[in-house]
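>>> Okay, predicted coordinates and the sequence, questions at the end:
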Amino acid sequence: MIEEKIVVTGMGAVTPVGIGTDTFWQQLIGGACGVDKIQREGCEELAVQIAAQVKNFEPEQYIPKKLIREMALFMQYAYAASEEAIKDSGIEENGKVKEPWRTGVVMATSMAGIKEIEDTHIQMMNSKHKNVSPRFVPKVLGNVGAAQIAISKNIHGPSLTVSTACSSGGDAVMTGAMLLKAGLADTIVVVGGEAAICPVFVQGLTGARALSKRNDEPLKASRPFDADRDGFVMGEGGGALILETESHAKARGAHIYAELAGYANNTDGYHVTAPHPDGVGAADCIEKALACAGIGPEQIDYINAHGTSTKAGDIAETRAIKAVFKEHAGRVAVSSTKGATGHLMGAGGIVEAIVCIKALNDQVMPPTLNLDTPDPECDLDYVPKTARKKSLVYTMSNAFGFGGQNSSLIFKKYE
């Protein structure tokens, strides 16, 4: 096991409030919201009519034309994010990574090609000849998103795909760090993609009473920690981080955005969709991430909460934070950016890690939108409605998922 720092040297984002890391960040701290009426065929008659979709995405601006035909939408979002992150980091030359055998990829996705599976099934059922494209299988496999990046960029190191529901992104970052610590690579492209807004998935979550039905007020539908919240809003997009060992990054003169100081994963072992009501699994995960970073809870300056805008989830996470942070819980700033982006599921953990890194770089915390009437059981400082400046050294990102999956990441301002 290599004992050295893991650092972030590149970032990329494709989100409902902006494409490109800087655009995304400026929109986020400016209070923009990406939730609107669903613009996707087949969703016109559904009970839930709102989602946070990526807008004005032109894949040919980021992806070779041949690859566009071969990739599902979730892969396209991931590829575009990785393209930005790789260029940002300077690990490539003439479109290929400079150290192919020491560079790896970790892909995060929760639902992979569910949209393409549904589309293809409908087409096949309505077709006389029942033909299915030979591109179908590779387009719906989660790992092929990583494979397409590796093929395009000449990457030959480790390649893994993480699918742990809505904690996939956070777990992918942790997996990338563990590969670096194990000495199996010097650089890891950690990338997530999700594009699951399709009738069957929307209806499935509607049946589970997980989604907001505030169809007439889409901009106000995702309202984390608010007393009037009625469920989460589906989102889509992609995010990417370039992780390196500090020595490798410094040797090539890379710009370092932040240190990945700590990380942890565990499972509630409680229920397939509901969190433990007291947040005991989340609390244990947060404690393990703090131990990994070698710091106390009082040193965390800002938490980007999972904060999905569900009744049970927001309360459980609040209880988890209070259990770990104790008297410091009232002093640490917490916000959920899902009020703006919706829930990006498998990609969310990476996009929200970018939020924590940008917060460290700019010394400003993004707001929790639509927090009009605080829930009495959610009584922390959630940075309501407006971004806030603060001196930040350590930030934390939480991501929790179905199955009781818990992930926590800690980033440190790089000196």
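Perfect, I can see it now.

>>> which residues does the nearest residue to K96 once chain neighbours are set aside contact?
Among residues not flanking K96 along the chain, N154 sits closest, at 4.1 Å (CB to CB, 6 or more residues apart in numbering). The way it works is simple: take the backbone N, C-alpha and C, and place the C-beta from them, glycine included. The contact partners of N154, taken as CB atoms under 8 Å, 6 or more residues apart in numbering, are 96-97, 100.

>>> Grab the nearest non-local neighbour of the residue most central in space within the chain.
Closest to where the C-alpha atoms of the chain average out (CA atoms, centre = their mean) is G348, at 1.8 Å. Distances taken as CB to CB, 6+ apart place G169 nearest to G348, at 5.6 Å, with adjacent residues excluded.

>>> Pop out the phi and psi values for the one you found.
phi -60, psi -50 (degrees, to the nearest 10).

>>> Against V200, how distant is it?
23 Å (CB to CB, to the nearest Å).

>>> which of the two has more neighbours?
Taking neighbours as other CB atoms under 10 Å, G169 and V200 compare with G169 leading, 37 against 15.

>>> Go ahead and confirm the more buried one touches V355.
No - look at G169 against V355 with CB atoms under 8 Å: they stay out of range, at 11.6 Å.

>>> Could I get the contacting residues of G157?
Listed by CB under 8 Å, 6+ apart, the contact set of G157 reads 100-105, 184-185, 187-188.

>>> The closest residue to it other than its chain neighbours: how many residues sit nearby?
Leaving aside its sequence neighbours, G157 sits nearest to G104 (CB to CB, 6+ apart; 3.6 Å). Neighbourhood size, G104 [other CB under 10 Å]: 25.

>>> Just list whatever residues bridge to G104.
Counting by DSSP bridges, G104 is bridged to I188.

>>> Pull the contacting residues for it.
Shown in contact with G104 (CB under 8 Å, 6+ apart): 155, 157-160, 176, 179, 184-185, 187-189.

>>> Equivalent analysis for T395, please.
Going by CB under 8 Å, 6+ apart, T395 touches 300-304, 356-357, 359-360, 410-411.

>>> Return the subset of these lying in helices.
356-357, 359-360 (DSSP state H).

>>> Could you dump the residues you listed into JSON lines and include pLDDT, neighbour count and distance to Q123?
Formatted as JSON lines, those follow (pLDDT from 0 to 100; neighbours: other CB atoms under 10 Å; distance: CB to CB, whole Å):
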{"residue": "C356", "pLDDT": "98", "neighbour count": "24", "distance to Q123": "41"}
{"residue": "I357", "pLDDT": "98", "neighbour count": "24", "distance to Q123": "41"}
{"residue": "A359", "pLDDT": "98", "neighbour count": "28", "distance to Q123": "44"}
{"residue": "L360", "pLDDT": "98", "neighbour count": "23", "distance to Q123": "47"}
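
>>> Could you point out which of those is nearest to L260?
Taking CB to CB as the measure, L260 sits nearest to I357 out of the ones in helices among the contacts of T395, at 9.2 Å.

>>> excluding its backbone neighbours, what's nearest the closest one?
A258 (4.6 Å).

>>> Show me which residues of the longest helix belonging to the chain are buried.
What stands out as the longest helix in the chain, according to DSSP H, is helix 73-89. For helix 73-89, the buried set under the neighbour-count rule, 16 or more other CB atoms under 10 Å, comprises 73-86, 88-89.

>>> which helices and strands does it pack with?
strand 6-15, helix 114-125, helix 143-153, strand 187-194, strand 237-245 (3 or more CB pairs under 8 Å, 6 or more residues apart in numbering; DSSP states H and E).

>>> and the ones you listed, which one is worst for confidence?
Lowest mean pLDDT within the helices and strands packed on helix 73-89: helix 114-125, a mean of 91.

>>> contact partners of it?
42, 72-74, 130-133, 136, 139-140, 195-201.

>>> Let's see which of these end up in helices.
73-74, 136, 139-140, 199-201.
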